[in-house]
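A.B. asks: give the three-dimensional model of this entry:
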Amino acid sequence: MSDYTTKGRAPAFQFYPGDYLKDPAVRAVSLAARGLWMDMLCIMHESPQRGLLQLQSGSVIPSEQLARMVGSTAREVGKLLTELDSAGVYSRTDEGVIYSRRMVRDNRKLELCRQAGYRGGNPALKTTDN
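C.D. replies: Numbering: from 1, shown residues only. Below is the predicted model:
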């Protein structure tokens, strides 16, 4: 997973409605499951490692706590998480942390671009003063 932390965090994440509407995994789940997924994406955006469903301490968010965070019951959230998992909407780390493949991939790309910028960008595009 990415080493990116909340330092210098952007206030928003990229969301592509066309990709969301065309994603067969997302389209295969119920409206309630899609609503939970959107809330989870927002929580993942605020996570210490963007894209992972974690608390600020870095620990896993248990389904009971996720239920409180989204204003639902643990039973309903558990059912919806199973639905999302069965459809392949999200992935899990080896430690069992739920994550958004897209958000992690986009964050990794953002971090690589940021590091390139700190190093002065693309050296092939720099002009030299002779």
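A.B. asks: ok, now which ones touch Gln14?
C.D. replies: With contacts defined as Cβ atoms under 8 Å, 6 or more residues apart in numbering, the neighbours of Gln14 are Asp106. For glycine as for every other residue, the C-beta is placed from the backbone atoms N, C-alpha and C.
A.B. asks: quick one: it from Met69, how far?
C.D. replies: Using Cβ to Cβ, to the nearest Å, one obtains 23 Å as the distance from Gln14 to Met69.
A.B. asks: quick one, longest helix in the chain?
C.D. replies: Looking across the chain with DSSP state H, the single longest helix is helix 101-118.
A.B. asks: got the buried residues for it?
C.D. replies: In terms of neighbour count (16 or more other Cβ atoms under 10 Å), helix 101-118 has its buried residues at 102-104, 106-108, 110.
A.B. asks: where does pLDDT dip in this structure?
C.D. replies: Applying pLDDT under 70 to the predicted model, the residue ranges of the chain that meet it are 1-9, 117-130.
A.B. asks: centroid residue for it?
C.D. replies: Gly51 (2.5 Å; Cα atoms, centre = their mean).
A.B. asks: tell me where the chain has strands.
C.D. replies: Counting by DSSP state E, the chain has these strands, from start to end: 91-92, 98-99.
A.B. asks: okay if I get these as a markdown table plus distance to Tyr20 and mean neighbour count?
C.D. replies: What follows is the strands of the chain, written out as a markdown table (distance: least, Cβ to Cβ, whole Å; neighbours: other Cβ atoms under 10 Å):
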| stretch | distance to Tyr20 | mean neighbour count |
| --- | --- | --- |
| strand 91-92 | 17 | 13 |
| strand 98-99 | 17 | 22 |
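A.B. asks: figure out which of the ones you listed is closest to Leu80.
C.D. replies: strand 98-99 (12.1 Å; Cβ to Cβ).
A.B. asks: just how off-centre is the closest one within its chain?
C.D. replies: A distance of 7 Å separates the centroid of the chain from that of strand 98-99, by Cα atoms, centre = their mean, to the nearest Å.
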